[in-house]
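Peer 1: Got a predicted structure here, sequence first:
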Amino acid sequence: MLGYLTRRLVQSALILLGVSFITFLLLYVLPADPVRQIAGRSATAQTVENIRHQLGLDQPLLVQYWRYLSGLVQGDMGRSYLQKTEVATLIASRLPATLLLMLGGIVCELLIGLTLGVVAAVFRGRPLDQGLMVTSFVAVSAPQFVVGLLLLYLFAVQLGWFPIGGYGTFAHLVLPAITLGIMGSGWYSRMMRSSMVDVLRQDYIRTARAKGLTRRRILLRHALPNAILPIIAMIGIDIGIFMGGIVVVESVFGWPGIGQLAWQAIQRVDIPVIMGVTMVSATAIVLGNLLADLITPMIDPRIKLR
Amino acid sequence: MADVADLSSPRAATAGALRRLMRRKLALLGLAIIVIVVGGAVLAPWIAPFEPDEQLFDGLTLYGEPMPPGGAFLMGTDLLGRDLFTRMLYGARTSLVIGVVANGVALVIGTLVGVLAGFLRGWVGAVLMRFTDLMMAFPALLLAICLAAVFQPSLWIVAMVIALVNWVQTARVVYTETTSLSEREFIAAEKTLGASSARILFRHILPHLVPTLIVWGTLGISVTVLLEATLSFLGVGVQPPTPSWGNIIFENQTYFQAAPWLVFIPGAAILLLALAFNLVGDALRDVLDPTQRGND
Amino acid sequence: MKALLTSTAILVASAIPGLAQEYTPDPNATPGGMITITYKDDVATLDPAIGYDWQNWSMIKSLFDGLMDYVPGTTELRPGLAESYEVSEDGTVFTFTLREGVTFHNGREMTAEDVKYSLDRVTTPETQSPGAGFFASIAGFDAISSGEADTLSGVEVVDPKTVRITLSRPDATFLHVMALNFASIVPKEAVDEFGTDFGKNPVGTGAFKLGEWTIGQRLVFEKNADYWREGVPYLDGVTFEVGQEPIVALLRLQQGEVDVPGDGIPPAKFQEVMGDPAQAARVVEGGQLHTGYITLNVGIEPLDKLEVREAINMAINKERITQIINGRAVPATQPLPPSMPGYTEGYAGFAFDVEAAKAKLAEAGLADGFSTELYVMNTDPNPRIAQAIQQDLKAIGVDVEIRSLAQANVIEAGGAGEAPMIWSGGMAWIADFPDPSNFYGPILGCAGAGEGGWNWSKFCDESIDAMATEADSFTDPSASERLKMWSDVYMKVMEQAPWVPVFNEQRYTMKSERMGGDDALYVDPVSIPVNYDYVFVTE
């Protein structure tokens, strides 16, 4: 176990190293000059060169990358070119909003997905089941920005139940969280359904039924816990999908998270900020995958760590 | 359960699968949607009432507001006074071309990487799979946005960008399949009989991958259609004035309260097309892939 | 140092016309109350040497002061932290006398040393100020910006209340420059304490001080009770909420939760608001020192031919482009906006005439048209405007490919001279100060035409440059002779047609019912978008 963990951690570190290099390379060849953005429109050529030199942007790619990397391993993500604030501070101040949104998204997708999956499994083969499974396909086929705009239009503009975007209270969280969670809920409902169907076929369920336990008791006390276990591990993998989703969802709802930070930074080639957000997201994804791989064998003894 | 004979003769399996596929209502619904969209896209020049880029003088009110659906404009007009129905038809071309091309390229890259890694094993395989892991760790949308900025978006560039961030899943699936195939008895038998690697690869492994590839190829189109729409929605996708369902929403979204049709008609179209490919892909998986069967 | 010794006869400040000394505040103004303002984009920094965005410009104006200032709601200069000043006859030596008893938010009294420190700071390369170039006329600027010196030799502390600034050349706009945010006076000890984070912990002499700041969400400004101007500010504080879509801001304004939407009325809501008399009454319209234009790169074939550039000028239907943005602009004929001194009245510009445009193309031997590219920033409504331009040019046989890219990529392509045409929207020129010269140097003059410069037409005419230099060597910025000269400069530019001036944006903003104060304060041409120091609440 310990050996496996060490190996995986080393692998993860190498993956992150690769991600950092590829991103750095992409930003290096980007046809846009961050110094121009800093220096402003009235700058003289002299000023531009001064700034370029100060930031070390006149150095070769590898030297620049090495500098960035050696900062990074000491926990220094550099300073934003345009805001001058430390990237770590910028990300830290926006991360809570993003984490809250992701948490909301996970709760939504589990709540919707698992419920629909259980219902579908119970009514297996009947029209309700088929209807729910079509619904789940609609959920995974719906573009997030359309769902977001639709929810905004219906529940915020027309009905006025929720605020039209923004951040602060629980009411602000509802629509963005649903938007973020809806795609995953489609997947979860399908997985939950097949997992539940499997469990309901098991001998101990038959035994319970034979013993005359009520249907509800069998479902909630015996079947459900066993069916949910294999699905828990999937949450780790979700993080990768969510990281893509937040850019869109935060932009539609004006949510002050790192997705918006990244988007603004990309518009103005604020390289340290783009690097920082990419590294934080990649770390989350890698850790999520690692966690999923660690949890799976704990709940399903048939799967062994390799 | 499909038997082994079925498996080792993919052609027969495919023919049988097609028959079984046609018996599924949802798959037929999906196929119908795809046929309609493809038909609209192909016939656009003949069906469309206007030119896709034509900014009509009477397509805007005096205050520059779009026309609601009805009258001369079946789906209304957009913020430049262009006929939305016409742009939807031509937008279908963009979505399909990108969906098919991007997904095709992704499928080819994914298959190559997966097969090579699974078949060759050793350090080549290890390097390839570590690279796949690396790509998995990228926040895909951020990567796509950066790539789009570097290469400056055009239709084909957008397709390539989407392919570059989308081949990973295929590679992993193909890798798993290839490894398990290589361990199968009939491959081992061929090896002991002295068959060349190329022969094993082309005669035995690749044909057996076909069902998987068909399934992933179909499901993948739905993913690429959505990704194209998302990139265009963020303004880093297909360049104007080429219509794409995503950039129609991008151009008009500030008006989504005053003119909801400008957002929700293309939105529904994206959803339906993605849904159609998902339905067909899922049905294909059921009929082609024996390991997945028994879930319904 | 040599320049300092040449101080000759002295001109008294009051001799310069157009310089209002006092502003009569609204007699109905009542102190107290908090207001809420919203913005979409985050506030990057409140460091006056760095901040150069729409949303932080007026915030910085309220936190800091410079030696010069403007009469609220107008473009007229008035003294700020300087009580008075004197100008030498040749216009190269400015002697400022500072006000007594002005204190920073940290309680310390402001002195001449602070003025010197602040100007050194904004011009030294370490600060990386986007505004450093404005100070180029101060003696010693070249030395400090190349790193040879660490202080501006032209700024001299005479005594704790007197600063003498020597210019290396006469600069009619110098007093405007001293009123820019970049020339704000900052206390050295606070900058030293916070270092690069000064922008998040601003300390100035302004009417407000920073209370709290939750990054990405909100900022609260508190009234500076010790403000040196009597009676202002009226408000107890201002809350800025950032990250709010303009459309959300307007809906919240309609519900009474917001007092002023900082980004104005969003296009999609415009007709609704204007159609309701009760709401329309609270709409404030104002001109803006802004021009939206298309640059035509004179270094790229076939735009290097004058006839082609003229043809393009004639082919653009500016009325329709104005319609596309809901009529919230007026079609432009020349680089300067109408409210700018030096604007040429009665100049009709190039009229929209497709046939004449075709004839011009034929004259250039391009009767069959040609293909070119138009770069545009990828935020709404700019790609839409680009498509309208594309359709207009198609009518005369010019095939335009649109390149809709992130702001930074467009600026790069423009600076490198790779872009045949650029639509300026989203990066357009909004004047830094109300003087005609501000529309010339970096965007039309030879100085900006080099690699990386903002003169995206790469237009450089030495003789026009010489005229511009001459116009700027006047001592009085508003001398009619000087304004005539500037008018001539832009007319000469238009003869060469390196731009298509498309429109001048009008600003439409709105206020809640309780907001008081002159309408002009809500569309202040300098303290954009709102002059927080002078508005008040009536309840």
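Peer 2: Here it is on my side, so go on.
Peer 1: which non-adjacent residue is nearest C:Lys360?
Peer 2: C:Ala311 (3.8 Å; Cβ to Cβ, 6 or more residues apart in numbering or on different chains). Quick note: C-beta positions are derived from backbone N, CA and C, even for glycine.
Peer 1: Break down the stretch 51-200 of chain A into its helices, ranges please.
Peer 2: For the stretch 51-200 of chain A, helices defined by DSSP state H, counting those that start in this stretch occupy the ranges A:61-73, A:87-122, A:127-141, A:144-151, A:170-201.
Peer 1: who wins for proximity to A:Leu229 among those helices?
Peer 2: Nearest of the helices of the stretch 51-200 of chain A to A:Leu229, taken as Cβ to Cβ: helix A:170-201 at 8.4 Å.
Peer 1: what about that closest one, near chain B?
Peer 2: Yes - legend: contact between helix A:170-201 and chain B by Cβ under 8 Å from any Cβ of the partner chain is shown at A:194, A:197.
Peer 1: Check whether that helix comes near chain C.
Peer 2: No - figure legend: helix A:170-201 not in contact with chain C (Cβ under 8 Å from any Cβ); closest approach 10.8 Å.
Peer 1: if we can go back for a sec, between the helices of the stretch 51-200 of chain A, which one is nearest to B:Ile145?
Peer 2: Among the helices of the stretch 51-200 of chain A, if distance is taken as Cβ to Cβ, the winner is helix A:144-151, at 14.2 Å.
Peer 1: what packs against that closest one?
Peer 2: Where contact means 3 or more Cβ pairs under 8 Å, 6 or more residues apart in numbering or on different chains; DSSP states H and E, helix A:144-151 is packed against helix A:170-201, helix A:234-253, helix B:206-233, helix B:245-252, helix B:261-288.
Peer 1: between the last one and helix A:170-201, how many degrees?
Peer 2: Which is helix B:261-288. 20 degrees (axes from the mean of the first three to the mean of the last three Cα atoms, to 10 degrees).
Peer 1: next one: the shortest one
Peer 2: If you take the same axes, to 10 degrees, helix B:245-252 sits at 160 degrees to helix A:170-201.
Peer 1: helices and strands around helix B:245-252, which ones?
Peer 2: helix A:144-151, helix B:84-120, helix B:206-233, helix B:261-288.
Peer 1: Now the ones you listed in JSON lines, please, with extra columns for distance to B:Leu74 and mean pLDDT.
Peer 2: As requested, those are arranged in JSON lines below (distance: least, Cβ to Cβ, whole Å; pLDDT from 0 to 100):
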{"stretch": "helix A:144-151", "distance to B:Leu74": "21", "mean pLDDT": "89"}
{"stretch": "helix B:84-120", "distance to B:Leu74": "4", "mean pLDDT": "92"}
{"stretch": "helix B:206-233", "distance to B:Leu74": "22", "mean pLDDT": "86"}
{"stretch": "helix B:261-288", "distance to B:Leu74": "10", "mean pLDDT": "90"}
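Peer 1: Throw those into CSV and include mean neighbour count, thanks.
Peer 2: Shown next, in CSV, are those (neighbours: other Cβ atoms under 10 Å in any protein chain shown):
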stretch, mean neighbour count
helix A:144-151, 23
helix B:84-120, 23
helix B:206-233, 24
helix B:261-288, 23
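Peer 1: Find the closest residue to chain A in chain C.
Peer 2: When scored by Cβ to the nearest Cβ, chain C has C:Pro130 as its residue closest to chain A, at 2.5 Å.
Peer 1: contacting residues for the closest residue to that residue other than its chain neighbours?
Peer 2: Of all residues not flanking C:Pro130 in the chain, A:Gly40 sits nearest, at 2.5 Å (Cβ to Cβ, 6+ apart). The contact partners of A:Gly40, taken as Cβ atoms under 8 Å, 6 or more residues apart in numbering or on different chains, are C:52, C:129-131, C:133.
Peer 1: Please parse chain C into its domains.
Peer 2: Following the TED database, one gets these domains for chain C: C:26-62+C:206-282+C:513-538, C:65-195, C:288-506.
Peer 1: can the first one be found next to chain B?
Peer 2: Read that as domain C:26-62+C:206-282+C:513-538. Yes - counting by Cβ under 8 Å from any Cβ, chain B has neighbours in domain C:26-62+C:206-282+C:513-538: C:247, C:266-272.
Peer 1: can you tell me the distance between the two ends of that domain?
Peer 2: The first residue of domain C:26-62+C:206-282+C:513-538 is 12 Å away from its last residue (Cα to Cα, to the nearest Å).
Peer 1: From C:Asn438, how far off is the spatially most central residue of chain C?
Peer 2: Residue closest to the average C-alpha location in chain C (Cα atoms, centre = their mean): C:Asp432, at 2.6 Å. Counting by Cβ to Cβ, to the nearest Å, the gap from C:Asp432 to C:Asn438 is 6 Å.
Peer 1: For whatever residue of the stretch 301-450 of chain C ends up closest to chain B, list the residues it contacts.
Peer 2: When scored by Cβ to the nearest Cβ, the stretch 301-450 of chain C has C:Asn378 as its residue closest to chain B, at 3.9 Å. Counting by Cβ under 8 Å, 6+ apart, C:Asn378 touches B:235-236, C:404-406.
Peer 1: Return the residues of the stretch 151-296 of chain B in contact with chain A.
Peer 2: B:152, B:222, B:226, B:229-230, B:233-234, B:246, B:249, B:253, B:256-257, B:260, B:263-264, B:267-268, B:270-272, B:274-275, B:278-279, B:282, B:295-296.
Peer 1: repeat that with 7 Å
Peer 2: Within the stretch 151-296 of chain B, the positions adjacent to chain A are B:222, B:226, B:229-230, B:233, B:249, B:253, B:256-257, B:260, B:263-264, B:267, B:270-271, B:274-275, B:278-279, B:295 by Cβ under 7 Å from any Cβ of the partner chain.
Peer 1: re the thing from before, using CSV, please lay out the domains of chain C together with mean pLDDT.
Peer 2: Rendered in CSV, the data for the domains of chain C read as follows (pLDDT from 0 to 100):
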stretch, mean pLDDT
domain C:26-62+C:206-282+C:513-538, 89
domain C:65-195, 93
domain C:288-506, 91
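Peer 1: now these in a markdown table, with distance to B:Leu96?
Peer 2: Output for the domains of chain C, formatted as a markdown table (distance: least, Cβ to Cβ, whole Å):
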| stretch | distance to B:Leu96 |
| --- | --- |
| domain C:26-62+C:206-282+C:513-538 | 31 |
| domain C:65-195 | 45 |
| domain C:288-506 | 22 |
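Peer 1: mind listing what the residue of chain C closest to chain A touches?
Peer 2: A:38-40, A:43, C:52 (Cβ atoms under 7 Å, 6 or more residues apart in numbering or on different chains).
Peer 1: Mind checking the domains of chain C for the one nearest to B:Gln169?
Peer 2: domain C:288-506 (28.3 Å).
Peer 1: Between the two ends of that closest one, how far is it?
Peer 2: Terminal-residue distance, domain C:288-506 (Cα to Cα): 6 Å.
Peer 1: can you tell me how far the closest residue to chain C within chain A sits from C:Ile528?
Peer 2: Proximity of chain A to chain C (Cβ to the nearest Cβ) peaks at A:Gly40, 2.5 Å away. Here the criterion is Cβ to Cβ. By it, A:Gly40 lies 17 Å from C:Ile528.
Peer 1: quick check: mean pLDDT across the helix or strand A:Gln46 falls within?
Peer 2: Here A:Gln46 sits within helix A:45-54, counting by DSSP states H and E. For helix A:45-54, mean pLDDT rounds to 84.
Peer 1: Who are the packing partners of that helix?
Peer 2: helix A:34-39, helix C:141-145 (3 or more Cβ pairs under 7 Å, 6 or more residues apart in numbering or on different chains; DSSP states H and E).
Peer 1: wait, does the longest one contact chain B?
Peer 2: No - using Cβ under 7 Å from any Cβ, helix A:34-39 never reaches chain B; the gap is at least 12.7 Å.
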